[in-house]
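Undergrad: Have a look at this prediction, sequence included:
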Amino acid sequence: MPRILIADDDRDLAQALALRCRGLGLEVETAHDARSALNMLFDSPPDVVCLDVNMPCGNGLCVCEMLAADGQFAALPVIVLTGNSDPEIMRRCHILCAYYVPKCADLWARVGPLLAELLDLPSAAKDSAPLPAI
């Protein structure tokens, strides 16, 4: 069963994403700060990781840079979720080969199909219904 790590300090969003990912048949782990995310990544590497940019105890882009520099994690697909549309963040994601996904009302319409492609999931992952309210 494919595994995903969702690291976001917005607990409601992390829970909603986790619910959707479980619906796709993914095993889900969540972290709410960068340090916990790194510990989880090194303890048991997932198949894909979603990182918020601004989290306590670190920055999701810094975590992404650490992963890209480590041979064990260099090929790990990273989805960067952020409400920040700063062009510098988009540029860093591009350089790191991370998928930049802005936090918005249709977040799942962007994340679901991306996960389906990255993890070779059935077309059901392409469901673009909004995230459920928590």
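TA: Sure thing, it's come through.
Undergrad: any chance you could map the helices in this protein?
TA: 11-23, 34-43, 60-69, 87-95, 107-119 (DSSP state H).
Undergrad: Report the distance from the second one to the chain centre.
TA: How far helix 34-43 lies from its chain's middle: 13 Å, per Cα atoms, centre = their mean, to the nearest Å.
Undergrad: Of all the residues in it, which ones are buried?
TA: Within helix 34-43, the residues scored as buried using 16 or more other Cβ atoms under 10 Å are Ala34, Ser36, Ala37, Leu38, Met40, Leu41. Every residue, glycine included, has its C-beta placed from N, CA and C.
Undergrad: Equivalent analysis for stretch 5-13, please.
TA: Leu5, Ile6, Ala7, Asp8, Asp9, Asp10, Leu13.
Undergrad: What of stretch 82-97?
TA: Those buried within stretch 82-97 under the rule 16+ other Cβ under 10 Å are Thr82, Ile89, Arg92, Cys93, Leu96.
Undergrad: pLDDT weak spots in this structure?
TA: The chain contains residues with pLDDT under 70 at 123-134.
Undergrad: give me that answer again for 90
TA: 58, 74, 83-85, 105-106, 121-134 (pLDDT under 90).
Undergrad: Could you tell me which residues make contact with the residue most central in space within the chain?
TA: Taking Cα atoms, centre = their mean as the criterion, Cys50 is the residue nearest the geometric centre of the chain, at 1.0 Å. Cys50 is in contact with Ile4, Leu5, Ile6, Ala7, Asp8, Leu17, Val78, Ile79, Val80, Leu81, Val111, counting by Cβ atoms under 8 Å, 6 or more residues apart in numbering.
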